[in-house]
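Here is a sequence together with a model predicted from it:
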Amino acid sequence: MSDFFTSLGVYIPIIWMLVKILAVFVGVMSLSAVLTWAERKGAALIQDRIGPNRAKIIGNIRLFGIFHLMGDGFKLIFKEDLVPLHVTRGLFWIAPLLAFVPAMMGFAIVPFGQSFEWHGHVLHMSVIDPGNGMGMLYPMAIASLAVYGILTASWASNNKWSMLSGMRGTANMISYEISFSLAVIAIFLQMGAYDPHEIIAAQSSMWNVVRQPLGFLLFFVCAFAETNRLPFDFAEGESEIVAGFLTEFSGMKLGFLWLSEYVHMVTVSALMVTLYFGGWQIPFVANPGPLLSFIAFALKLLFFCWMFIWVRWTLPRFRYDQLMFIGWKILLPIGFANLLFYAWLINKGVV
Amino acid sequence: MGVVVKKVDLTWLDRTYLWPVAKGLFITLKHFLRQILTTTKKRQTVQYPEMKRPVSDGYRGLHELKRHEDNSIKCVACFMCAEACPARCITIDAEEFGDLNTLQGIAEKRPVLFQIDMLRCIFCGMCQEACPKDAIWLRKNYELSCKSRDEMQLGKFDLMNTYAEEDGSERVVPESMFKTSNNQLS
């Protein structure tokens, strides 16, 4: 058997790459599908309800209503794909993909386990190997693209409410992106690196959340705005502008727009884990190995995904002027102050 | 008329917004844990088809035509219920009934047709009040769905059997009625 693997030789990295791509794609997709169920169930439990529990397969197996997500999926796929007459056809078809693909792509850089050596090859547990020169700039750039999905969807709908939602969503994401980036730059400064593998390695003694608590808070708040989740879900805002950019969509187009929100949640949670919570590191364990490190990463990821749901069902939506006030007058100065403070500390040689 | 709005003085801790958010998160977590640790039976939500709320004593649900111990109908076709019915949903057709039945006393009439149009019935209970023989009861069944309008026209034997399963009594079918009383007047 081992001869067989050695004979594969140069093909091992290629095979490993294919395996990684498949695993990340399927993993993130299924995790975000499960998150739709977790959201419904979590919301119900927080509000003292029971939530979805009726869908059952094979006799009477219910498993706390997890089969509702299969039901939702089948419904969305087989539902009539209604395209209203007043929409801009081409953009209307592209918009769900424009929202979905950037959300998915961001995950590619995130290391979801410790790198290991196998038959003379160092195999990395992230789709994009380290040393690519992009590092954490890549997910930041990709995350900015997500705004095009919302903007395209709202523009293509030719609907006033959708248009408003697109404007609000864009303003929201662009204003918070600045503070988001400032928080990450402070990390780059202190770590002296922007490759996620190096950032994780540098956190082996102490997680960044301890080193930069204010930066984490900034990143955390902006993450909610970046993913268009409550309390910053201005693009959707169902009580004010129907369902915003989702209004005219139906069938699997709506499914993709919805799913992209959850994929975005997974990606941003993964970034949060990588930047502030030591990625795949386990406290007091030097080399956990690929399997244990993956489990540690997955647990941290799930916790932050749950955090998104938890916050959503705790806080009401801000008013639009409050959003702008917080973004520009509070978070941006804090971001600059945080950055300058760490720059000063590094200049003095304190950290 | 103006209303004086009381302004709440926020402490500096409340002004940070983060501390109140943390408190809020703690509250929702408390609700989450409490709900997840409560068993289904103790929850406020009634899981309907499996669990049912007990209905009140005065509840007026689906009708039942009461019967004597020998399963013959108590109704004497006096038309009081049909007269009392504000929705005019009871249709009765009487027949003479010659064979003296000890349980029925001297009754000589009974319905050959007793139909209630459940689509018109308003469940007011006037028929029950009007009945001199205590032969029609409105009981607790409220699950009256069906697939066609015709199924909502309940006849005499349907109405006699509405609670047969619940009470564990015998289902009355037209044939057995013919057997119990041999001397039928046509």
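Looks like it arrived, so ask away. Residues are numbered from 1 along each chain as shown, chains lettered A, B, ... in the order given.

Helix, strand, or coil at A:Asn287?
coil (DSSP: H, G, I helix; E, B strand; the rest coil).

and the nearest residue to it once chain neighbours are set aside, helix, strand or coil?
Leaving aside its chain neighbours, A:Asn287 sits nearest to A:Gln114 (7.0 Å; criterion: Cβ to Cβ, 6 or more residues apart in numbering or on different chains). In short, each C-beta sits where N, CA and C put it, glycine included. Under three-state DSSP, the three-state class of A:Gln114 is coil.

What number of residues are in the vicinity of A:Glu80?
A:Glu80 has 7 neighbours, counted by other Cβ atoms under 10 Å in any protein chain shown.

pretty sure it is in contact with A:Leu254, am I right?
No - if you go by Cβ atoms under 8 Å, A:Glu80 and A:Leu254 don't touch, sitting 11.6 Å apart.

before we move on, the earlier item: give me the pLDDT for the residue nearest to A:Asn287.
For A:Gln114, the pLDDT comes out at 84.

Repeat that for B:Thr102.
pLDDT, read off for B:Thr102, is 53.

And for A:His68?
On the pLDDT scale, A:His68 gets 88.

what's the burial count for it?
The burial count for A:His68: 21, using other Cβ under 10 Å.

who's in contact with it?
Shown in contact with A:His68 (Cβ atoms under 8 Å, 6 or more residues apart in numbering or on different chains): A:37, A:40, A:52, A:54-55.

now the strands: where do they sit in chain A?
Along chain A, counting by DSSP state E, strands occupy A:116-118, A:121-123.

Dump those to TSV, plus mean neighbour count and distance to A:Pro231.
Output for the strands of chain A, formatted as TSV (neighbours: other Cβ atoms under 10 Å in any protein chain shown; distance: least, Cβ to Cβ, whole Å):
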stretch	mean neighbour count	distance to A:Pro231
strand A:116-118	11	41
strand A:121-123	15	41
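
Mind putting those into a markdown table with distance to A:Ala23?
Output for the strands of chain A, formatted as a markdown table (distance: least, Cβ to Cβ, whole Å):
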| stretch | distance to A:Ala23 |
| --- | --- |
| strand A:116-118 | 15 |
| strand A:121-123 | 12 |
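
Throw those strands into a markdown table and include distance to chain B, thanks.
Below are the strands of chain A laid out as a markdown table (distance: least, Cβ to the nearest Cβ, whole Å):
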| stretch | distance to chain B |
| --- | --- |
| strand A:116-118 | 37 |
| strand A:121-123 | 39 |
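
Out of the ones you listed, which is closest to A:Met70?
strand A:121-123 (33.6 Å; Cβ to Cβ).

Note down every partner strand of that closest one and its orientation.
strand A:116-118 (antiparallel) (DSSP bridges).

Now do the partner strand: everything it contacts.
So strand A:116-118 is contacted by A:12, A:122-123, A:125, A:289-290 (Cβ under 8 Å, 6+ apart).

returning to that earlier point: what about the residue nearest to A:Asn287, distance to chain B?
32 Å (Cβ to the nearest Cβ, to the nearest Å).

among the contacts of A:His68, which two are most distant?
Largest pairwise distance in the contacts of A:His68, by Cβ to Cβ, is 12.9 Å, between A:Trp37 and A:Arg54.

Now the closest residue to chain B within the stretch 101-250 of chain A. Nearest residue, chain neighbours left out?
Nearest to chain B in the stretch 101-250 of chain A, going by Cβ to the nearest Cβ, is A:Leu217, at a distance of 7.4 Å. Leaving aside its chain neighbours, A:Leu217 sits nearest to B:Leu18 (7.4 Å; criterion: Cβ to Cβ, 6+ apart).

re earlier: please flag which of the contacts of A:His68 sit within helices.
Among the contacts of A:His68, the ones falling in helices (DSSP state H) are A:37, A:40.

Now a ChimeraX select for only the buried ones of the contacts of A:His68.
Listed next is the ChimeraX selection for buried residues among the contacts of A:His68, using 16 or more other Cβ atoms under 10 Å in any protein chain shown:
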select /A:37,40,52,55
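
would you list the contacts of A:His68 in a markdown table and tack on pLDDT and distance to B:Ala84?
What follows is the contacts of A:His68, written out as a markdown table (pLDDT from 0 to 100; distance: Cβ to Cβ, whole Å):
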| residue | pLDDT | distance to B:Ala84 |
| --- | --- | --- |
| A:Trp37 | 91 | 54 |
| A:Arg40 | 90 | 50 |
| A:Pro52 | 87 | 47 |
| A:Arg54 | 84 | 42 |
| A:Ala55 | 82 | 47 |
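
Kindly indicate which of the contacts of A:His68 lies nearest B:Met80.
Nearest member of these to B:Met80, counting by Cβ to Cβ, is A:Arg54, at 45.7 Å.

Next one: that closest one from chain B, what distance?
Computed as Cβ to the nearest Cβ, the A:Arg54 to chain B distance reads 9 Å.

What is the burial count for the residue nearest to that residue when sequence neighbours are not counted?
Computed as Cβ to Cβ, 6+ apart, the closest residue to A:Arg54 that is not its neighbour in sequence is A:Gly65, at 6.8 Å. Neighbours of A:Gly65 under the rule other Cβ under 10 Å: 19.

Next, the contact list for A:Gly65, please.
So A:Gly65 contacts A:37, A:40-41, A:51-55 (Cβ under 8 Å, 6+ apart).

Only the buried residues of the longest helix seen in chain B, if you could.
As assigned by DSSP H, the longest helix anywhere in chain B is helix B:18-37. By 16+ other Cβ under 10 Å, the buried positions in helix B:18-37 come out as B:25, B:28, B:32, B:35.

between those, which is nearest A:Phe4?
The closest of the buried residues of helix B:18-37, once distances to A:Phe4 are taken by Cβ to Cβ, is B:Phe32, at 50.4 Å.

who's in contact with that closest one?
A:42, A:45-46, A:310.

show me the contacts for A:Arg49.
If a contact means Cβ under 8 Å, 6+ apart, then A:Arg49 has A:43, B:35, B:45 as its contacts.

Now flag whichever of those residues is closest to A:Val209.
Closest to A:Val209, out of all of these and judged by Cβ to Cβ, is A:Ala43, at 27.1 Å.

Could you give the number of residues near the residue of the stretch 101-250 of chain A closest to chain B?
A:Leu217, neighbours per other Cβ under 10 Å, totals 17.
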